[in-house]
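J.: test case, fold it:
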Amino acid sequence: VQLQASGGGLVQAGESLRLSCAASVRTFSSYAVGWFRQAPGKEREFVAAITGSGSRTYYTDSVKGRFTISRDNAKSTVYLQMSSLNAEDSAVYYCAAGALAAATMTSYHYWGQGTEVTVSS
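T.: Below is the predicted model of the structure:
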């Protein structure tokens, strides 16, 4: 499974951005997908996850109500819609695929290369 994250960029505080994670696998619906982020000097942290069917989603508390994870299995793509962005959201965002939608990195076997999000205040 290969994952390609895209959509990062430089935005102003309060603006929105949508990240995409495209997978090169025919059985994409078999995989849960998670988004993680890593800011400079900090550990990688969980952001959001979605089950293979898309029926369940999970978020870390700091993004609840601002970020929405979704997927289009026909396009083998997962999205992370981010709104009301603030400086604390600045990080490299990674998508990952695995068997279970979870908040732990060890639950995911495949990782994308990351896309950088910078929020200026």
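J.: what are the phi and psi values at residue 30?
T.: In terms of degrees, to the nearest 10, the main-chain angles of residue 30 are phi -80, psi -10.
J.: for it, give me the pLDDT.
T.: For residue 30, the model assigns a pLDDT of 97.
J.: do the one 5 residues further on as well
T.: Listed pLDDT for residue 35 reads 98.
J.: hey, what's it bridged with?
T.: residue 48, residue 95 (DSSP bridges).
J.: would you mind measuring from it to residue 29?
T.: 18 Å (CB to CB, to the nearest Å). Placement of C-beta: from N, CA and C, glycine included.
J.: quick one, which of these two is more surrounded?
T.: Set side by side, residue 35 and residue 29 show more neighbours around residue 35, with 26 against 14, by other CB atoms under 10 Å.
J.: contacting residues for the residue nearest in space to the middle of the chain?
T.: Nearest to the mean C-alpha position of the chain, by CA atoms, centre = their mean, lies residue 35 at 2.7 Å. Neighbouring residues of residue 35 by CB atoms under 8 Å, 6 or more residues apart in numbering: 19, 21, 46-49, 69, 78, 80, 93-96.
J.: ok, and the closest non-adjacent residue to residue 7?
T.: residue 19 (4.1 Å; CB to CB, 6 or more residues apart in numbering).
J.: any idea how far that neighbour is from residue 99?
T.: Counting by CB to CB, the gap from residue 19 to residue 99 is 22 Å.
J.: residue 55 too?
T.: From residue 55 over to residue 99 the distance is 15 Å, taken as CB to CB.
J.: who's more crowded, these two?
T.: Neighbours per residue, other CB under 10 Å: of residue 55 and residue 99, the larger number sits with residue 99, 12 against 8.
J.: pretty sure the more buried one sits against residue 31.
T.: Yes. Contact criterion CB atoms under 8 Å: residue 99 and residue 31 qualify, at 7.3 Å.
J.: how many other residues sit next to the residue nearest to residue 23 when sequence neighbours are not counted?
T.: Leaving aside its sequence neighbours, residue 23 sits nearest to residue 76 (CB to CB, 6+ apart; 4.5 Å). Counted with other CB under 10 Å, residues neighbouring residue 76 total 19.
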